[in-house]
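>>> Let me see the structure of the following:
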Amino acid sequence: MTTLIERLQPLCSQQPESRTAQPFAINTKRKLVFCPRGGKRVVVATDGFILVGVASEDEAPRAPMELMDTSIASWMLEEMPKDPVVTVLPILLQWAGESKWFAPCGACDGTGRVRLCAKCAGEGEVECECDSCGDLHIADCDDCGGKKTTPGKSDPCGNCAGTGKTSELTTPGIPGLVADVIVDKRRLARMLSTVDRLCVERKLSRTCLAWRGRLQDALYIGGTGWRALVMRLIPAELALADNAESKFVP
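Sure thing, here's the model as predicted:
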């Protein structure tokens, strides 16, 4: 069976130098309300937009950190409200849509390295003499397509920070409304697909609760043995259409 660390790894930051590039363990000073046996240790994975914590007394990726008075502490210890949205993971996941993961970066062809385009000298544009009118004008460089770089071995790719991988999550989000919080449905789907597999593998209940948390008005979702957070999608607030598909109804 896939280990907890392996299962959570894809939810971590894709920046190799980041402190959150791998799951980490946290020890709490008081029992966690979502732990089945009132445990005090949780393994956490986050990329800065989504955060998942799974109760685990026997799996720790590295030396656990003591839980301090931080945003993670607030998220981990916050009590659930009296009237959360109650549903099951497969139904919420079906509404959220297909889970999007990382693909090779188009700017560096997945190599993580680029070099300045020789034709445009890294400008992304060249002077072009139009055949039809004979006039000089500025156009995107044919060699690099206006990207200023081409795949090579010179510098780390700025588009993927040298990882060689990018995601649709770098584009504007797909807004969805859950428990009065507007979130990116693609990020929500990535998180839910991971948690649902964990619940099946560990024979945990797939029933979950969703509510608007106090931490930055984020979406909180929790179940037996786990808790997750998805940051709200601020740019989508004005763009969210009044359409039945945009709002989750359990």
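
>>> Could you chop this structure up by domain?
Per the record, the chain has its domains at 4-101+169-246, 103-166, by automatic domain parsing.

>>> now those as JSON lines including mean pLDDT and mean neighbour count?
(C-beta placed from N, C-alpha, C; glycine too.) Putting the domains of the chain into JSON lines (pLDDT from 0 to 100; neighbours: other Cβ atoms under 10 Å) gives the following:
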{"stretch": "domain 4-101+169-246", "mean pLDDT": "77", "mean neighbour count": "17"}
{"stretch": "domain 103-166", "mean pLDDT": "74", "mean neighbour count": "15"}
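
>>> give the contact list for the closest residue in space to residue 120 that isn't next to it in sequence.
Spatial nearest neighbour of residue 120, chain neighbours left out: residue 141 (3.9 Å); criterion: Cβ to Cβ, 6 or more residues apart in numbering. Contacts for residue 141 (Cβ atoms under 8 Å, 6 or more residues apart in numbering) come out as 117, 119, 120, 123, 124, 125, 126, 148.

>>> switch the cut-off to 7 Å
Contact analysis of residue 141 by Cβ atoms under 7 Å, 6 or more residues apart in numbering lists 117, 119, 120, 124, 125, 126.

>>> ditto for residue 126
119, 120, 139, 141.

>>> quick one: the helices in this protein?
Using DSSP state H, the helices of the chain run over residues 4-8, 71-77, 89-96, 185-201.

>>> Tell me which of those lies nearest to residue 56.
helix 4-8 (5.8 Å; Cβ to Cβ).

>>> May I have the closest one as PDB, with CA atoms only?
The C-alpha trace of helix 4-8 is given here as PDB (Å, rounded to 0.1, in the frame of the first residue of the first chain):
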ATOM      1  CA  LEU A   4       1.100   8.300   3.900                       C
ATOM      2  CA  ILE A   5       4.200  10.300   2.900                       C
ATOM      3  CA  GLU A   6       4.000   9.100  -0.700                       C
ATOM      4  CA  ARG A   7       0.300   9.800  -0.900                       C
ATOM      5  CA  LEU A   8       0.700  13.400   0.400                       C
END
